[in-house]
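*Asks:* sequence first, predicted coordinates after that:
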Amino acid sequence: MTEILLSILAGLVLFLFAVNSLSDTIKLSIGETANKWIVKFTSNTFSSIVVGVIVTALLDSSSAVIIITIVFVNSKILTFKQAMGIVLGANIGTTISSQIIAMDIGKYSPILLVIGFVLLLVSKSERVNNTGKIILYFGVLFFGLFTMENAVEPLKDEAFFSEWLKKTENPLMGAMVGTVVTLIIQSSSATVGMAIILSKKGLLSLGGGIAVMLGAELGTCSDTLLATIKGSRAAIKTGLFHLSFNLLSIIIGLIFFFPFVELVKFISQNAPIERAVANAHMIFNISGVLIFVWAVPIFENVLNKLLPEK
């Protein structure tokens, strides 16, 4: 059991290291470009959503994008209204990583590791080096997932672990597990990734995987709220909007949990369970944005009254 837990921990550390390193490296590579996109193409809510989706897909981290947005709002480069659209878009962009995780490409991670390492080794060009780092970190990310996937295989025979996971069949309990895990590891992508892996190995049902995913959406608000400490009123309102949007989406998701699971099954058809969990993540986040995008002026008015600029 100790060996299994250490292997899972090692895989998780590799995954988190790769996510953070990828985000930092891509920000260095396209940092100014990304900043210009964010400022230039956020004239209205819908264009802000598109920017949020694209930048989050590139940086592979909704938290990074929302924290950058909070920094821009704090610096008065962006308004609170522009920031709300980016936050909504980031929630859609983060689902792309779930789809990639569900593709089962972990076994090919050594190829990415070799290519990235060779590029770093043979080239002195900064651009080629950054490309090599990005490929290498993607390899580390998928190798981390592959390590966790292999490590959890023997847990099928562990009665204690199986009994504990059965508790996630209760949507509220599953959501609490997802929230706590995300608060601890500070990565909703990793939490959803683990839910996908456990579902694939038959340790987690579709309902359990979806419940954990819902909780991860709430847990991911913690680091963006931390980024608002000592920030301007507009920056604090951006963090509160992220929290309130996610919280309301999760409440609706829990109220309609069982119909939602059936909807995911219908849309996913005969797709494997790991793909269904990834689909659930995408459907849930896109649906949340479609529901609440029309309420952005209401959110803006309420938060402006709660936290006026003066």
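*Replies:* On my side now, so go ahead.
*Asks:* so where do the helices sit in the stretch 201-310 of the chain?
*Replies:* Under the criterion DSSP state H, counting those that start in this stretch, the stretch 201-310 of the chain contains helices at 206-219, 221-226, 233-255, 257-268, 273-292, 296-306.
*Asks:* from those helices, which stretch is densest packed?
*Replies:* helix 206-219 (a mean of 26; mean count of other CB atoms under 10 Å). C-beta coordinates here come from the backbone N, C-alpha and C atoms, glycine included.
*Asks:* tell me the angle that one makes with helix 257-268.
*Replies:* In terms of direction (axes from the mean of the first three to the mean of the last three CA atoms, to 10 degrees), helix 206-219 departs from helix 257-268 by 110 degrees.
*Asks:* C-alpha coordinates for helix 206-219, PDB please?
*Replies:* The C-alpha coordinates for helix 206-219 follow below in PDB (Å, rounded to 0.1, in the frame of the first residue of the first chain):
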ATOM      1  CA  LEU A 206     -19.500   8.300 -13.800                       C
ATOM      2  CA  GLY A 207     -21.600  10.000 -11.100                       C
ATOM      3  CA  GLY A 208     -18.700  10.000  -8.700                       C
ATOM      4  CA  GLY A 209     -16.300  11.400 -11.200                       C
ATOM      5  CA  ILE A 210     -18.800  14.200 -12.100                       C
ATOM      6  CA  ALA A 211     -19.400  15.000  -8.400                       C
ATOM      7  CA  VAL A 212     -15.600  15.300  -7.800                       C
ATOM      8  CA  MET A 213     -15.300  17.500 -10.800                       C
ATOM      9  CA  LEU A 214     -18.000  19.900  -9.400                       C
ATOM     10  CA  GLY A 215     -16.100  20.200  -6.200                       C
ATOM     11  CA  ALA A 216     -12.900  20.900  -8.100                       C
ATOM     12  CA  GLU A 217     -14.600  23.900  -9.700                       C
ATOM     13  CA  LEU A 218     -15.200  25.400  -6.200                       C
ATOM     14  CA  GLY A 219     -11.700  24.500  -4.800                       C
END
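*Asks:* tell me which of the helices of the stretch 201-310 of the chain sits nearest to residue 200.
*Replies:* Of all the helices of the stretch 201-310 of the chain, helix 273-292 sits nearest to residue 200, with 4.0 Å by CB to CB.
*Asks:* mean confidence score for the closest one?
*Replies:* Mean pLDDT, computed over helix 273-292, is 93.
*Asks:* by how many degrees do it and helix 233-255 diverge?
*Replies:* Going by the same axes, to 10 degrees, helix 273-292 makes 120 degrees with helix 233-255.
*Asks:* could you list the residues in contact with helix 273-292?
*Replies:* Applying CB atoms under 8 Å, 6 or more residues apart in numbering, the contact partners of helix 273-292 are 49, 88-89, 91-92, 94-95, 98-99, 101-102, 104, 192, 195-197, 199-200, 206, 209-210, 213-214, 217, 245-246, 248-249, 252-253, 260-261, 263-265, 267-268, 271, 299.
*Asks:* and stretch 220-240, by the same measure?
*Replies:* Residues from elsewhere that reach stretch 220-240 (CB under 8 Å, 6+ apart): 62-63, 66-67, 69-71, 73-74, 76, 79-80, 83-84, 87, 182-183, 186-188, 242-243, 246-247, 303-304, 307-309.
*Asks:* would you show me how to pick out the buried ones of these in PyMOL?
*Replies:* Those of the contacts of stretch 220-240 that count as buried under 16 or more other CB atoms under 10 Å are selected in PyMOL with:
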select buried, resi 62+63+66+67+69+70+73+74+80+83+84+87+182+183+186+187+188+242+243+246+303
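*Asks:* quick one: which of the contacts of stretch 220-240 sit in strands?
*Replies:* Judged by DSSP state E, these include no members of strands.
*Asks:* who are the neighbours in contact with the closest residue to residue 253 other than its chain neighbours?
*Replies:* Once flanking residues are discounted, residue 253 sits nearest to residue 214: 5.1 Å by CB to CB, 6 or more residues apart in numbering. Taking CB under 8 Å, 6+ apart as the criterion, residue 214 is in contact with 171, 174-175, 178, 250, 253-254, 284.
*Asks:* repeat that for residue 95.
*Replies:* Contacts of residue 95 by CB under 8 Å, 6+ apart are 278, 281-282, 285-286.
*Asks:* same question, residue 12
*Replies:* Contacts of residue 12 by CB under 8 Å, 6+ apart are 144, 148, 185, 190, 194.
*Asks:* check what pLDDT the last one gets.
*Replies:* Put plainly, it is residue 194. Here the pLDDT value assigned to residue 194 is 85.
*Asks:* I figured it hits residue 182, correct?
*Replies:* No. Counting by CB atoms under 8 Å, residue 194 stays clear of residue 182, with 10.2 Å between them.
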